[in-house]
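Q: Structure, please.
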Amino acid sequence: MSETGNLCKTIGIWMSEKKSHKLNWKEFINACSSRGFSVVKLDLERPIEQQGNLDIFLHKMTDIISASDQGDTKASSIIGRVEQYLSNNPNVTIIDPLDKVRILLNRYTYYSILEEEVSLQNKEVYTPTFAEFTTNNIEQNIEIMRQRGVTFPVICKPTLAHGSKSAHEMVLIFNKRGLNVCKPPCVVQSFVNHNAVLHKVNVIGDRYNICQRPSLKNFYAADDLDPIYYRTGEVCKADSQSTLSILDPNDKTDITLSLNEDKIKSIIRILRKRIGLLLLGFDVVIDNMTGNHAIIDINVFPSYDNFPNVFEHLLDCIQDSTCNGQSDLDCINNHTLKGLINVDVSSLQYSVTGMNII
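A: This is a model prediction of the structure:
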């Protein structure tokens, strides 16, 4: 729908060329034009003030923020320029605020936030036990795992969730011997058997969408198994043919694991309250023994694959977020108060029976 109230509102947008290509830039421009928004593709190496009078700053700067936090001088200069611009122009709405994005750059940080949230535990939602390694000392790391209740097998993940190719390189480790491949700083997380099915939830403001993807098959602790290296994008993409996703013949496949939409809504509300992002995604698996829902990953501004009418929902979110005279938190709370809407109800018209999904 066209909104005359949006006339003369300008969206300044920055994302990598790869992200821009995935977004389908030309289609996004057309959608903005039909809704009365103009768009400026920002060059963050130039003063932003010289690139137009912005009303909204839409971005995916995770890699730049991460590089800046790691001491990269060029990235730090860009972040400083952006922060100064936003300080000088408080009426510009940023989606999403840099300080909130930073929370999701560190896996240990956001796992800790989820772990502390008692309201999720009461709804049979949790993040699997985890620990952070900052040393290569295996005996010390075993003790850290013991104190934190982390059990084999574990997934070893870089603590840094964005900013490098290695951020999505994982290792499945079955025993104490396998811990020698861990490269700190990293997080080890207890592996949850979930019959090789992953549920990806993508959120835009008060709208969400759920997609089913293949995942790792069931694994168990074993002294004789070597670590397995994999990339999440290879195993969990829609058309994955990975052998790591094929259930073993002796795995129980007659147990129905049903995704509970009320639990998904509870997760979204908690993430909105504790982290405050409008554009995010998270991955959920269902424990094949208990049926509890485990949150294993959270992402900033995901790809929104299979999100119906993604640009219309994104522009609705942008429009709702340009609240006159309201703080960012007020705007976020308004989204929550409006209620959460599944934009593709058909996505829940299934049960998972442990079959390999390819």
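
Q: looking at it, Ser66 is touching Leu105, isn't it?
A: Yes: between Ser66 and Leu105 there is a contact at 5.3 Å, judged by C-beta atoms under 8 Å. In this view, the C-beta of every residue, glycine as well, is placed from N, C-alpha and C.

Q: can you list residues touching both of those two?
A: Listed as contacting both Ser66 and Leu105 by C-beta atoms under 8 Å, 6 or more residues apart in numbering are Leu160, His162, Gly163.

Q: In space, what's closest to the second one - neighbours in sequence excluded?
A: The spatially closest residue to His162, leaving aside those adjacent along the chain, is Thr62, at 4.0 Å (C-beta to C-beta, 6 or more residues apart in numbering).

Q: Provide a list of residues in contact with that neighbour.
A: Taking C-beta under 8 Å, 6+ apart, we find Thr62 in contact with Val101, Leu104, Leu105, His162, Gly163, Val300, Phe301.

Q: Using pLDDT, spot the least trustworthy of the residues you listed.
A: Note: of the contacts of Thr62, the lowest pLDDT belongs to Gly163, at 72.

Q: pretty sure that residue is touching Ser68, no?
A: No: if you go by C-beta under 8 Å, Gly163 and Ser68 don't touch, sitting 9.4 Å apart.

Q: about what we covered before: of all the contacts of Thr62, which comes closest to Glu124?
A: Set against Glu124, the nearest of those by C-beta to C-beta is Leu104 (23.7 Å).

Q: Now Gly281: closest residue in space that isn't a chain neighbour?
A: Closest to Gly281 by C-beta to C-beta, 6+ apart is Pro302, at 3.4 Å.

Q: before we move on, back to that, ok, the contacts of Thr62 vs Leu244, which is closest?
A: Distance to Leu244 across the contacts of Thr62 (C-beta to C-beta) is lowest for His162, with 23.6 Å.

Q: what's the burial count for the closest one?
A: His162 has 22 neighbours, counted by other C-beta atoms under 10 Å.

Q: separation between it and His199?
A: 22 Å (C-beta to C-beta, to the nearest Å).

Q: Do a quick rundown of the strands in the stretch 251-358 of the chain.
A: Using DSSP state E, counting those that start in this stretch, the strands of the stretch 251-358 of the chain run over residues 279-286, 293-300, 341-342.

Q: Quick one: these as CSV, columns for mean neighbour count and distance to Asn250 too.
A: Listed next are the strands of the stretch 251-358 of the chain as CSV, based on neighbours: other C-beta atoms under 10 Å; distance: least, C-beta to C-beta, whole Å:
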stretch, mean neighbour count, distance to Asn250
strand 279-286, 23, 20
strand 293-300, 22, 23
strand 341-342, 14, 36
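
Q: Which of these sits closest to Gly149?
A: strand 293-300 (14.2 Å).

Q: thinking again about what came up before, I'd like the strands of the stretch 251-358 of the chain laid out as TSV, including distance to Tyr229.
A: Formatted as TSV, these follow (distance: least, C-beta to C-beta, whole Å):
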stretch	distance to Tyr229
strand 279-286	19
strand 293-300	17
strand 341-342	35
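
Q: Which among the ones you listed is found nearest to Gly178?
A: strand 293-300 (19.4 Å).

Q: Tell me which other helices or strands the closest one touches.
A: strand 125-126, helix 261-274, strand 279-286 (3 or more C-beta pairs under 8 Å, 6 or more residues apart in numbering; DSSP states H and E).

Q: repeat that with 7 Å
A: Where contact means 3 or more C-beta pairs under 7 Å, 6 or more residues apart in numbering; DSSP states H and E, strand 293-300 is packed against strand 125-126, strand 279-286.

Q: partners of that strand, with directions?
A: Paired neighbours of strand 293-300 in the sheet (DSSP bridges): strand 125-126 (parallel), strand 279-286 (antiparallel).

Q: For my notes, please list those in a markdown table and give mean pLDDT and distance to Lys18 for each entry.
A: Listed next are the strands paired with strand 293-300 as a markdown table, based on pLDDT from 0 to 100; distance: least, C-beta to C-beta, whole Å:
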| stretch | mean pLDDT | distance to Lys18 |
| --- | --- | --- |
| strand 125-126 | 95 | 32 |
| strand 279-286 | 97 | 17 |
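
Q: So which of those strands is nearest Phe37?
A: When the strands paired with strand 293-300 are compared by C-beta to C-beta, strand 279-286 sits nearest Phe37, at 16.5 Å.

Q: Select, out of the strands paired with strand 293-300, the one closest to Asn175.
A: Set against Asn175 and scored by C-beta to C-beta, these come closest in strand 279-286, at 22.2 Å.

Q: can you list contacts of that closest one?
A: For strand 279-286, contacts defined as C-beta atoms under 7 Å, 6 or more residues apart in numbering pick out 95-96, 192, 194, 198-204, 215, 257, 259, 267, 271, 293-302, 352.
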